[in-house]
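> No letters, just coordinates:
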């Protein structure tokens, strides 16, 4: 086919789409002018077009694969993707019904909790033209919303093919107005009504995502503050803006009348195939919405319909319909066969002076918004560069980058949070603490900052303070408690937390933490029991890193219990699971290998393995306990223990001192048990004074420890000098 | 890798030096692979793998943001979509040679994730058809690359290609029909 022929094929194809299916063949035959090759190709493409509706509409890479199970929902193919997440076809295996399942993109637990509340609120709505929300749940660390499965095409797709017949537009408009009226009566506003949120089904229009839109803004803020700004977030704003009422653009919270405005925009789109307000950029579009009359409707639109639209998109709130029910009535009463008439372009408003003033105010606000937006993006870019440097081990450069961002915009919490992370990774927990405190003074509830502050305090040995920062992740809380010797509380936190956990990752995290605490307290049988339970929890939802960690802890428990053979079996299993070049996992593989070598008195080998486990800098990337275990692996003091086994007490002392002091690029954790080990070494070496100092430090760290712990008794005796 | 390299190459490429692309592609390709792998291992706070998120992150990592113009950003997304295509097609090819009984869903979960959204599409056949489409209509082939492999929306594609969204919509529809016909698809 020649380029000319192909170009002809495209023209005829496009033109043919405007014809009814029945008359297309004739049109194509006529339009191709006897070029048989072109005609055949157009026919072939038109036939394929009919079948290709959802073909390659979803991007090739995506997250949830078919066949995966979330809670009692079996995930099927992807249905679509929107601002807040992807929507999958799914089957409720308990109730045996088909549903749609939206997996939210939300990050922080706070944001998830809010979305959950909103969705629960919206789930009370039951209306034939509202997509019903059945359930809101969390599994595998992901929040999901279970909704009625609505089969059909989005109104956006329908409009894209051209204007709808007036009667059809009126029917859908009536249904949407009725849906809005139902929700408004129950105190739920939509806030993000747009053509992609309306699905046209054989039984009429269905409005999606009722009451969830308020989360959109929260999510956008989240996305920004978590440096995960994506094109999707930008697209989201682009998709929502054309439907936004002027009062929303001015920053008002808006009420049900903002939904009525959006309904007006939808009606306008349905009858004309165009939007009432347009602009090449967000700025221009906002200006048009704020200050210009809607573009003239085509003369084919009947006057009553035009009048209803006009009143929906009245810029002044008082001029607009006050209730969706009123729009519903107006549309019902409208006689679709009314003769057509031109819509009058409104004359200059009698409020011209006010409008002029508002224009000025609007421009100032819009300018402020857009410059704010720009600086956010720039800061995000610079921050990302900092993280990249950090991961390459270029600590100084990374810190410079983070410092520059924080200096540019000292009121931006995210900049300080990143700087904190930089310091933490660079082995400077004291400076990290300052940076995190600064971040939290601006944004006291930002979860990653609170976690970072907690970890910085922990690294400085201030475990009780770290707890006051209170991470909502109960496993981290339990970890911090156990560091302060508060095992009873830690155990309780883990047990309580587990009762509310989803089966799977959360439960496994809790069990792994619990097993670790048991190992520390030489309760190996109990640790192994927890680890078996963790494996069971992970059976449904295998999580590679957690399984490798399970093997590590089980192997360590076996060795300490004296079962090297069992530990070897664990190592074999761990190696099988370890297939990739993942650094976290290779750390844990080396850790177990080191422990086994040490138990078998293969000291060189043990040393080499333990060295390999320490190569990682302290990064808080990663979720919850995974991050904690990276920096607090049971093998962390492996080199010191090898030195002890070799009889090199002095070298072991040095090792423990090194472990508990920070250095550039070196993680420092003021680990009470390492201080205790150091004290014991000094005492055994005859340095009673040195030992007393370390025992004293240990007691300070464990000031609030459980009553009657043997370690505390030992330290007290040593400090009181009753025992050399 | 030094961010400056990629920035420099992008600038050279947008100034019309075609050989810059040959050096850019492998770098972006590597970064995307690494990022995809780390997403799959759930090292991230965000567990949702999205091509746009990956591409965006790669951009942030590789390109010196102080030296970059929007123009370059658009170029970057264009190349990244191409790199995503290569990664996904390589992935599919590796599976095609290793899978047992031809059932894609038997592969381990972590690996299956990457191709989850493809559904019934034969990625290798699609890739070949897309190469043929490029000979016939390079612009349409690019649109498909950006939309399907890069995960960009219509509007984003329009922005990257400097074409109106309406044109993108029309071209996309024909490209879809053509590819679907080539693949002999019935659904």
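Arrived safely, thanks for sending. Values in this document were obtained by computation on a predicted structure and should not be read as measured data. Numbers count the residues shown, from 1 in each chain, chains lettered A, B, ... in the order given.
> When you work out contacts or count neighbours from here on, use the C-alpha atoms and nothing else.
Noted.
> Can you show me the strands along the stretch 351-500 of chain A?
Read by DSSP state E, counting those that start in this stretch, the stretch 351-500 of chain A holds no strands at all.
> Residue A:294 belongs to a strand?
No - using DSSP: H, G, I helix; E, B strand; the rest coil, the assignment for residue A:294 is coil, not a strand.
> ok, now how distant is it from chain B?
Taking Cα to the nearest Cα, to the nearest Å as the measure, residue A:294 falls 21 Å from chain B.
> go on, residue A:605?
On the measure of Cα to the nearest Cα, residue A:605 and chain B end up 29 Å apart.
> do the same with residue A:193
19 Å.
> I'd guess that residue is in a helix, am I close?
No - assigned with three-state DSSP, residue A:193 falls outside any helix and is coil.
> And it, what's its pLDDT?
With respect to pLDDT, residue A:193 scores 90.
> Isn't it up against residue A:243?
Yes - taking Cα atoms under 8 Å as the definition, residue A:193 is a contact partner of residue A:243 at 7.2 Å.
> Between the two, which contacts overlap?
residue A:262 (Cα atoms under 8 Å, 6 or more residues apart in numbering or on different chains).
> mind giving me the domain split of the chain?
Reading this off chain A. Domain segmentation of chain A under automatic domain parsing yields A:3-51, A:356-448, A:649-724.
> other chain: chain B
Using automatic domain parsing, chain B is parsed into the domains B:1-117, B:120-187.
> ranking the ones you listed by mean pLDDT, which is last?
For these, where the average pLDDT is lowest is domain B:1-117, sitting at a mean of 58.
> roughly how far apart are the residue nearest to residue A:608 when sequence neighbours are not counted and chain B?
Nearest residue to residue A:608 in three dimensions, chain neighbours excluded: residue A:594, at 7.6 Å (Cα to Cα, 6 or more residues apart in numbering or on different chains). Separation of residue A:594 from chain B (Cα to the nearest Cα): 24 Å.
> now swap in residue A:420 and tell me
Counting by Cα to the nearest Cα - residue A:420 and chain B are separated by 17 Å.
> swap in residue A:465?
Counting by Cα to the nearest Cα - residue A:465 and chain B are separated by 25 Å.
> And for residue A:159?
Counting by Cα to the nearest Cα - residue A:159 and chain B are separated by 12 Å.
> How about that residue: what's its closest non-neighbour residue?
Per Cα to Cα, 6+ apart, closest to residue A:159 is residue A:273, 5.6 Å.
> Between the two ends of stretch A:76-89, how far is it?
Stretch A:76-89 stretches 5 Å from its first residue to its last (Cα to Cα, to the nearest Å).
> can you check stretch A:128-137 too?
Using Cα to Cα, the two ends of stretch A:128-137 sit 24 Å apart.
> Tell me the gap between it and the middle of its chain.
Its chain's average C-alpha position is 22 Å from that of stretch A:128-137, according to Cα atoms, centre = their mean, to the nearest Å.
> Pull out the buried positions in it.
Burial within stretch A:128-137, assessed by neighbour count using 16 or more other Cα atoms under 10 Å in any protein chain shown, is assigned to A:129-134, A:136.
> what mean pLDDT does it have?
On average, stretch A:128-137 scores 84.
> List of residues touching that stretch?
With Cα under 8 Å, 6+ apart as the criterion, stretch A:128-137 contacts A:116, A:119-120, A:122-126, A:143-150, A:175-176, A:178-179, A:204-210.
> Just the buried ones from those residues?
A:116, A:119-120, A:122-123, A:125, A:143-150, A:175-176, A:178-179, A:204-210.
> tell me the helices in the stretch 301-450 of chain A, going along the chain?
A:303-312, A:324-333, A:352-391, A:395-408, A:413-425, A:429-442, A:447-459 (DSSP state H, counting those that start in this stretch).
> Out of those, name the one with the poorest average pLDDT.
For these, where the average pLDDT is lowest is helix A:352-391, sitting at a mean of 42.
> returning to what we had before: can you say which of the domains of chain A is packed in most?
For the domains of chain A, the largest average neighbour count (mean count of other Cα atoms under 10 Å in any protein chain shown) is found in domain A:356-448, namely a mean of 20.
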